[in-house]
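[1] Below is the sequence, then the predicted model.
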Amino acid sequence: MKADEFAGSDRQSEAGPLKANGASLGRSRQGGWRLWIKIALDRSLAFCGLVITSPLILTVFLIIRLSMGRPALFRQLRPGRNAKPFTLFKFRTMSERRDGSGKLMTDAERLTPVGRVLRATSVDELPQLWNLLRGEISLVGPRPLLMSYLPRYSPKEARRHEVLPGITGWAQVNGRNTLSWEEKFELDIWYLEHWSLWLDLRILAETVRCVLLRRGISRDGHATMPEFTGSDEMLHRTGSTPEESTSTLVAIERGE
């Protein structure tokens, strides 16, 4: 199997190239022997990481089960390379608290004390080592967001799916959740246009520093990243408002 095929083939299917909101997702800089090395490093580090952190993973799993009940893991479909869906795993950080009408309460109200610690230390991301081992994500790349965001991207923003999504990325080490969505997407596009193995190593080193300094965990006034309701370009094209764009969604657990 070729490296490009393993990570989500760039070849066109009989129905044509994969698209996100009308934007064809073509071949990016991620390919050839460099992609082979990236995948090999990802899988090797994922295996080692699962072995080394297995006691911590088990401990956190039990703490969540005892403090919040089932499930301990949060599972959700996310778009991978070329917008191909996969199931993302994270530790659950929010309760299922609802108001009198049965509607889920806000993220800030549902975020538990245990969940707050897990997010602050990025331990909630550890189950993604399984996604990494399966080749669905990489250590470094644009964060995989919600499937419902796909039709909201402008053609330029949709290019973030030309590369493997990652556990950490260029946007995460340059502000993370303190950035606006537009700023995040600009950084994602910069990453895919300048991708190299050296850049990945630089991002990994910077990620360690950000975690230790607990930088960029949340925006002021928000427990998690506010929902992406669409770029100005797409809202102008469709003639909809952010409120109309949001009304059809059922919020689960949002924000990266």
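    Okay, I see it.
[2] Could you use CA atoms for every contact and neighbour count after this?
    OK.
[3] What residue in the protein is the furthest from its centre?
    Largest separation from the mean C-alpha position in the chain: residue 100, at 31.8 Å (C-alpha atoms, centre = their mean).
[4] how about the helices of the stretch 101-250 of the chain, start to end?
    In chain order, the stretch 101-250 of the chain shows helices spanning 107-110, 113-121, 128-133, 181-193, 197-213, 232-238, 242-246, with DSSP state H, counting those that start in this stretch as the criterion.
[5] which one of those helices lies closest to residue 169?
    With C-alpha to C-alpha as the criterion, residue 169 lies closest to helix 197-213 of the helices of the stretch 101-250 of the chain, at 6.6 Å.
[6] That closest one - contacts with which helices or strands?
    Helices and strands touching helix 197-213, as assessed by 3 or more C-alpha pairs under 8 Å, 6 or more residues apart in numbering; DSSP states H and E, comprise helix 113-121, strand 138-140, strand 166-168.
[7] and the ones you listed as a markdown table, adding mean pLDDT and distance to residue 159?
    Formatted as a markdown table, the helices and strands packed on helix 197-213 follow (pLDDT from 0 to 100; distance: least, C-alpha to C-alpha, whole Å):
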| stretch | mean pLDDT | distance to residue 159 |
| --- | --- | --- |
| helix 113-121 | 90 | 28 |
| strand 138-140 | 96 | 16 |
| strand 166-168 | 93 | 15 |
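[8] Minimum distance to residue 202: which of those has it?
    Comparison of these against residue 202 by C-alpha to C-alpha identifies strand 138-140 as nearest, at 10.0 Å.
[9] Centre of the chain to that closest one, how far?
    10 Å (C-alpha atoms, centre = their mean, to the nearest Å).
[10] who does that strand pair up with?
    Each strand pairing with strand 138-140, determined using DSSP bridges, is listed with its direction: strand 166-168 (parallel).
[11] which of the helices and strands packed on helix 197-213 sits most buried?
    Comparing the helices and strands packed on helix 197-213 by mean neighbour count (mean count of other C-alpha atoms under 10 Å), strand 138-140 comes out on top with a mean of 27.
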